[in-house]
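**Q** Here is the input, now give the coordinates:
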Amino acid sequence: MRKNAPEISNRVGNKKIDTLIGKDSAFTGNIESTGTIRIDGKFEGEIITKGDLVIGESGQVQGKIKAENITIAGKVQGEVEASGKLELVPTGNLQGEAKMTLLVVEEGAVFQGNCQQFSKDRKERGKFLQIETPPEKTGQMNAGKK
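**A** From the prediction side, this is the model:
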């Protein structure tokens with residue numbers, strides 16, 4: 001019996017790619033989705049997805065992007081908004097405006113433009129940043145030592 005080989009081309013990490021614009025394809029318009037999108041060809045317009053977006057090394061995007069997590073290995077010009085992580089890998093090139101919760105720019109990647117970092121839960125974030133100095137207690141330093 002032959003086992004099925006894993007399908008690499010339609011997966012990003014452990015997530016299935018729902019929409020793919022191939023290397024030899026060009027698309028102009030708007031895409032709205034709830035799944036993961038990968039672009040290896042040329043795209044001009046607006047992309048809005050509740051899932052993740054991957055721009056492959058041969059991918060070229062011009063326009064407005066909104067997604068949960070965005071990974072850029074190709075070239076993007078325009079406005080990018082990631083409610084989670086925006087990652088530029090070494091071959092990635094981003095020119096324009098970027099908004100994200102977490103920004104990762106690997107060595108070799110190019111980012112030209114403005115960026116704004118925001119937090120989903122500012123109230124929760126403040127809880128973890130509280131730093132209190134304990135009150136100094138005198139006379140207990142040597143307690144228990146003889």
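**Q** I'd like to know which elements whichever helix or strand Glu46 is part of is packed against.
**A** Using DSSP states H and E, Glu46 falls within strand 42-49. Contact here means 3 or more CB pairs under 8 Å, 6 or more residues apart in numbering; DSSP states H and E; on that basis strand 42-49 packs against strand 26-33, strand 36-39, strand 60-67. In short, each C-beta sits where N, CA and C put it, glycine included.
**Q** Out of these, which one sits most buried?
**A** With neighbours defined as mean count of other CB atoms under 10 Å, the helices and strands packed on strand 42-49 peak in mean count at strand 36-39, which reaches a mean of 24.
**Q** For it, name the packing helices and strands.
**A** Judged by 3+ CB pairs under 8 Å, 6+ apart, strand 36-39 is in contact with strand 15-21, strand 42-49, strand 53-55.
**Q** who touches the last one?
**A** Identification of contacts with strand 53-55 by CB atoms under 8 Å, 6 or more residues apart in numbering yields 12, 17, 36-39, 47, 61, 65, 67, 69-76, 92.
**Q** check contacts around Ile48.
**A** The neighbourhood of Ile48, defined by CB under 8 Å, 6+ apart, consists of 30-33, 66-67.
**Q** Tell me the one of those residues nearest Phe111?
**A** Taking CB to CB as the measure, Phe111 lies nearest Ala67 of these, at 17.1 Å.
**Q** distance of the closest residue to Gly56 other than its chain neighbours from Ile21?
**A** Distance criterion CB to CB, 6 or more residues apart in numbering; nearest residue to Gly56, sequence neighbours excluded, is Asp40 at 3.9 Å. Asp40 sits 7 Å away from Ile21 when distances are taken as CB to CB, to the nearest Å.
**Q** same deal with Glu81?
**A** If you go by CB to CB, the gap between Glu81 and Ile21 works out to 20 Å.
**Q** With neighbour numbers in mind, choose between these two.
**A** Set side by side, Glu81 and Ile21 show unequal neighbour counts under other CB atoms under 10 Å, the larger going to Ile21 at 21 against 17.
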